[in-house]
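[1] Coordinates for the following, if possible.
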Amino acid sequence: ILPLPSTSTSTSTSTSTSTVSTTLSTSTTTSTPPIPTIGELIDSSPQYSIFSTILALNDFNTLYIPFFTATAFVPPDSAFHALGSEYVNALLNETSGRTERDEVIRRHVVPILRFYVSGDVDTVIGNILGEALHVVGNEGMGYTVNGAGLEVLNIEAVNGYIQEIGAVLSTTKSTSTFTSTSTSTSTSTSTS
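    Next comes the predicted model:
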């Protein structure tokens, strides 16, 4: 004998919460912003406001060109102020001719060379004026350029490097000229 089907219905409700997670994905690509040029880095750094100003006053645009390779030894504002407010004011207010302002810029820029500082260094490189910049030092003792300490090393730009130098290189301290016969040989000739 078979049991008769039950006429009472038992309803069992099981509540299960299912979470549907929807992730909206946009196909916009987030790209890394381009590496700025030496000039753009100088302009964006408050500690270089005087150097930035003299670049602008002299229309020295080459540091803003991505394919103009260079190394800029950039003194911070404190290095300019160490020379006195009269010097800074005179530098910022020059009006014509081959100015000290122009020479300051050219004295601190080494064209065509992406100079990365590391390890033991004892080399001579030439700035735009053709003057010798003697870079010497090591990671333990620090580095100098013509006796002025490098404070911040290897600030990378698309077109080279900024090396922050602790002093303004002056005409009275730069007494040698630079001559290079090849990329591996350089000589320094005294002009005094």
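[2] going forward, measure contacts between C-alpha atoms and count neighbours the same way
    Noted.
[3] which residue ranges form the helices in the protein?
    Taking DSSP state H as the test, the helices found in the chain are 38-44, 49-57, 77-81, 85-93, 100-107.
[4] Mind putting these into a markdown table with distance to residue 166?
    What follows is the helices of the chain, written out as a markdown table (distance: least, C-alpha to C-alpha, whole Å):
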| stretch | distance to residue 166 |
| --- | --- |
| helix 38-44 | 15 |
| helix 49-57 | 13 |
| helix 77-81 | 6 |
| helix 85-93 | 16 |
| helix 100-107 | 14 |
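[5] Quick one: closest of those to residue 117.
    The stretch from the helices of the chain with the least distance to residue 117 (C-alpha to C-alpha) is helix 38-44; that distance is 16.2 Å.
[6] List of residues touching that closest one?
    Outside of helix 38-44, the residues within contact range by C-alpha atoms under 8 Å, 6 or more residues apart in numbering are 48-49, 51-52, 61, 63-64, 72, 156-162.
[7] Minimum distance to residue 115: which of the helices of the chain has it?
    For residue 115, the closest of those is helix 38-44, at 12.8 Å, according to C-alpha to C-alpha.
[8] how about the closest one: buried residues?
    Counting neighbours by 16 or more other C-alpha atoms under 10 Å, one finds that the buried residues in helix 38-44 are 38, 39, 41, 42, 43.
[9] With stretch 134-150 instead?
    Of the residues in stretch 134-150, those buried under the neighbour-count criterion (16+ other C-alpha under 10 Å) are 134, 135, 136, 137, 142, 143, 144, 145, 146, 148, 149, 150.
[10] okay, the third one: pLDDT?
    Read it as residue 136. pLDDT for residue 136: 97.
[11] in this protein, which helix or strand is least confident?
    The least trusted helix or strand in the chain, going by mean pLDDT, DSSP states H and E, turns out to be strand 186-190, with a mean of 31.
[12] what does the model give the nearest residue to residue 137 once chain neighbours are set aside for pLDDT?
    Computed as C-alpha to C-alpha, 6 or more residues apart in numbering, the closest residue to residue 137 that is not its neighbour in sequence is residue 143, at 4.2 Å. The predicted structure scores residue 143 at 97 on the pLDDT scale.
[13] Could you measure from residue 143 over to residue 34?
    29 Å (C-alpha to C-alpha, to the nearest Å).
[14] and what of residue 100?
    With distances defined as C-alpha to C-alpha, the gap from residue 100 to residue 34 amounts to 33 Å.
[15] out of those two, which sits in the busier spot?
    residue 100 (15 against 8; other C-alpha atoms under 10 Å).
[16] Quick check: the more buried one vs residue 150, distance?
    Summarising the geometry, the distance separating residue 100 from residue 150, computed by C-alpha to C-alpha, is 22 Å.
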